[in-house]
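# Predicted model and sequence below, questions to follow.
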Amino acid sequence: MSETMNLDLAPETVTVHRALWAGRIMSAFVVIALAADGTIQLFAPAQIASMLQETGFAMDLTRVVGPIVLACAILYAIPATAVLGAILVTGFLGGAICAHVRIGELGSPPEIISLLLGAMTWGGLYARDLRIRAILPLIR
């Protein structure tokens, strides 16, 4: 009897395990992308100078924005602060999208990347955190 019960639970356990790993992979991708962006802003601002000029931001802001992006990535990577990190990451990416819309670059590659990273931020958190799935059930 207990073997039958274990067989009944196995597909659900496998699904949760797969979702957990999918969430970890998506979240890791977001953290790596944000860490790369923050690091470039801190240590190689000349690499992004043309993009900053196009969007109307001063070069001095890289010293402020770089640590903010890195802090958001760290908060998102730590399970205890992942929700706060996701909120902050979403806000940052929304600002990036807004900057490109403001200059008339609707649908530009940086805008699409920001949108995808934002979706992956919450998708990764949703897949790896049962509490988020309980709050936002997609399927009943």
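Happy to help now that I have it. Residues are numbered from 1 along each chain as shown.
# Give me the most central residue, the chain.
For the chain, the residue nearest the mean C-alpha position is T121 (3.0 Å; CA atoms, centre = their mean).
# Run through the neighbouring helices and strands of the top helix by length along the chain.
Ranked by residue count, the top helix of the chain under DSSP state H comes out as helix 2-43. In this structure, helix 2-43 makes packing contacts with helix 62-77, helix 82-102, helix 109-128, judged by 3 or more CB pairs under 8 Å, 6 or more residues apart in numbering; DSSP states H and E. To be clear about C-beta, it is placed using only N, CA and C from the backbone, and glycine gets the same treatment.
# Report the spatially closest residue to A35, excluding sequence-adjacent ones.
By the measure of CB to CB, 6 or more residues apart in numbering, the closest residue to A35 outside its immediate chain neighbours is A73, 5.0 Å from it.
# Tell me the buried residues in the lowest-mean-pLDDT helix or strand in the chain?
Least confident helix or strand, the chain: helix 49-55 with a mean of 78, by mean pLDDT, DSSP states H and E. Neighbour counts over helix 49-55 (16 or more other CB atoms under 10 Å) mark L52, T55 as buried.
# Many thanks, have a good one.
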